[in-house]
Each structure stands twice: as structure tokens, then as C-alpha cells.
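Asker: Below is the sequence, then the predicted model.
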Amino acid sequence: MPITLPTNLPAFDVLSREGVMVMSDTRAARQDIRQIRIGLLNLMPKKIQTENQFARLIGATPLQIDFRLIRMSEHQTRNTAAEHMEEFYRPFQEVKDEKFDGLIITGAPIEHLPFEEVTYWDELREVFEWTQTNVHSTFGVCWGGMAMIHHFHGVNKHLLDRKAFGCFRHRNLSPVSPYLRGFSDDVLIPVSRWTEMRQAEIDAVPGLVTLLGSDEVGPCLVEDPAHRALYIFNHFEYDSGTLKEEYDRDVASGKTINVPVNYYPDDDPTRQPTNRWRSHAHLLYGNWINEIYQTTPYDMARIGEPDPA
């Protein structure tokens, strides 16, 4: 939780520059406590696995989280029971008049397609625009992040000759970012994709800030302050065995697939993989929730309005 200090106290600026959680006393006096409403627009085929992964991360805070599951209105999933979808999910068209403190837009296994060829692209573009009036902070993950940065800034994804697959080291490029509070200088992150975003194209867009990046697999986490959004192209949310499940699936189906890099001990797929990213995953999503808590209006009707400050 943040420390409350007068804004004219020297420690306020010092701690702020160091990335410490600081809230002004006047701002704290205006803030009341209520549940934080987070939506999950789940585009993954394995809905339940994905729900669990994100709920685990955003639920590990002292704040009360109101977790809402959302689906595309017309797209029908083939991998999750219709009863589960009917009971727990609401189509976007039913929720678009509501306000959310945060929204996570997941990846989808359709990265080989141009964005405009995705069957629900038009509605997803509507979602992106809706976040600007009805969501305080949006987190686009993997393909979801690629699609959102493409929609708002025209940044393109590029097909790779070989799948980026495994656990890759990333550099902390912005240690004072509130989203990277508590992060090490060097972070291991699971990667599983056939496409990439290119740093030079992101750098060419004014206002975009790359927070995490890798010399091997490129930019990972990008902040877009103008759209109150984060885009992450890799998978902090993955469970310990998710990369193994993907590898075993492809091997069983006869697909050519490389052993995930730096994942199994000694890169031996007969051995049990170890999770070396869990703590940073909790840090990132906990920091995101904390930023939402500190900045979202208490009156949810005001979400999306210009900041009076």
C-alpha cells in the first residue's frame, strides 16, 4: 500500500523518483475504499486455464477485486463447455454500458492471420475504443497487446522463421516505473509466439515507453500512457507446466518444434521444468492493480473522464 506524504515534503519527490509508492495527503483524503472491478476479455481456447492464471495474479493483493469474465459476442468457443460460458461469461455487447477499473485482453492462437482477417476484428476494434471511455487501465497480453498497439498506433507484427519458445532473459529498462517496482535488473519470462514486435517501430511512435526488453526476442512490456494501457507480448501468467503442455502437444501431433529454451533443466524435456518467473509475475500484476487503486475515480461513473489534475 502507498505511503501518504505532503507533496511539499522533500521526501515526496525523492521517493517518487525512486519508484516508491507515494500518495499525496490531499489525494488520500479524497479517496474512499471500494471493490476494484477487473474484466478479463478471454480470447484463449482454454478458457478455464486462462481464467485461473490471471485470477491467481490479480487476486494476490490486499484489495477486494470484482473479477468479471467477458467474451466476444458472436464468436463461439469450441474448447470450453457451453454451460461454463453461459454461466460465467457475458458477451461484450452486454457489458459495454458498464465501467471497469481494469481490463485484461488475452492472447489468441491466431497470430499467423493479418489482424483484419480475424473474424471478430471489428468488434475487437470496438472494444479498444470502448476502453478509452469505460475502462481506467487496460492490459493487452501477447496477441491482445499486439492487436491493441496496432489499432492505436499502426505498429505491425512480423512473422518469425522459427517460433520464439522458452524462457528468455529480459532487461529492466525503466527501474523507476511504478509497474516495475521491486523488479530485478534481469528478468526471466516465458515466451511462446510465431510473431514479433520490433523495437525500432515502437520507438518511432511518440509516447510509447518500453519497460522490459530482450536482445533475443525483442520488446516485451510497453506502456502507452495516452491510452492508459500496457502491452505485454510474452507470458508472465503461464503456469509452471504451460510451455511443457504446448511442447508435448506439438510433438504428439508431429509438428516440428524446438525444445523450449532455458526451461527444462539442462534443456532436457524428460526432466521436470522449474518456475523462475512466478515472483516477477505477481509483482507486475500487483503493481498494475496498485496503480489502478491509486488513480481510479471512486465514482465509477467518472471512469474515462479527463483527469482534472
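Answerer: Yep, that arrived. Numbers count the residues shown, from 1 in each chain.
Asker: What strand or helix carries residue 126?
Answerer: Here residue 126, judged by DSSP states H and E, is contained in helix 121-134.
Asker: What are the buried residues along that helix?
Answerer: Across helix 121-134, burial judged by 16 or more other Cβ atoms under 10 Å covers 121, 123-124, 127-128, 130-131, 134. Glycine gets a C-beta too; all of them are placed from N, C-alpha and C.
Asker: now stretch 36-53
Answerer: 36-44, 46-47, 49-51, 53.
Asker: Restricted to helices, list the residues you listed.
Answerer: Among the buried residues of stretch 36-53, the members falling in helices (DSSP state H) are 47, 49-51, 53.
Asker: so where's the protein uncertain?
Answerer: Applying pLDDT under 70 to the chain picks out residues 1-6, 8-11, 14-15, 18, 20-23, 25-33, 75, 78-80, 308-309.
Asker: By residue count, what's the longest strand in it?
Answerer: If you go by DSSP state E, the chain has its longest strand at strand 158-172.
Asker: So which residues make contact with that one?
Answerer: For strand 158-172, the external contacting residues (Cβ atoms under 8 Å, 6 or more residues apart in numbering) are 112, 180, 183-198, 211-217, 220, 234, 243, 246-247, 257-263, 276-277.
Asker: How far off centre is that strand?
Answerer: The chain centroid and the centroid of strand 158-172 are separated by 17 Å under Cα atoms, centre = their mean, to the nearest Å.
Asker: what's the most distant pair in the ones in helices among the buried residues of stretch 36-53?
Answerer: 47 and 53 (10.9 Å; Cβ to Cβ).
Asker: since we're on the closest residue to residue 36 other than its chain neighbours, how many residues are nearby?
Answerer: Leaving aside its sequence neighbours, residue 36 sits nearest to residue 101 (Cβ to Cβ, 6 or more residues apart in numbering; 4.8 Å). With neighbours defined by other Cβ atoms under 10 Å, the count for residue 101 comes to 23.
Asker: Let's verify residue 101: helix, strand, or coil?
Answerer: Under DSSP: H, G, I helix; E, B strand; the rest coil, the three-state class of residue 101 is strand.
Asker: OK, contacts around it?
Answerer: 36-38, 135-137, 292, 296, 300, 303.
Asker: Kindly report the same for residue 233.
Answerer: 142, 145-146, 193, 196-197, 218-221 are the contacts of residue 233 under Cβ under 8 Å, 6+ apart.
Asker: got a markdown table for the ones in helices among the buried residues of stretch 36-53, with distance to residue 169 too?
Answerer: Formatted as a markdown table, these follow (distance: Cβ to Cβ, whole Å):
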| residue | distance to residue 169 |
| --- | --- |
| 47 | 31 |
| 49 | 26 |
| 50 | 25 |
| 51 | 29 |
| 53 | 22 |
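Asker: neighbours around residue 90, how many?
Answerer: Residue 90 has 16 neighbours, counted by other Cβ under 10 Å.
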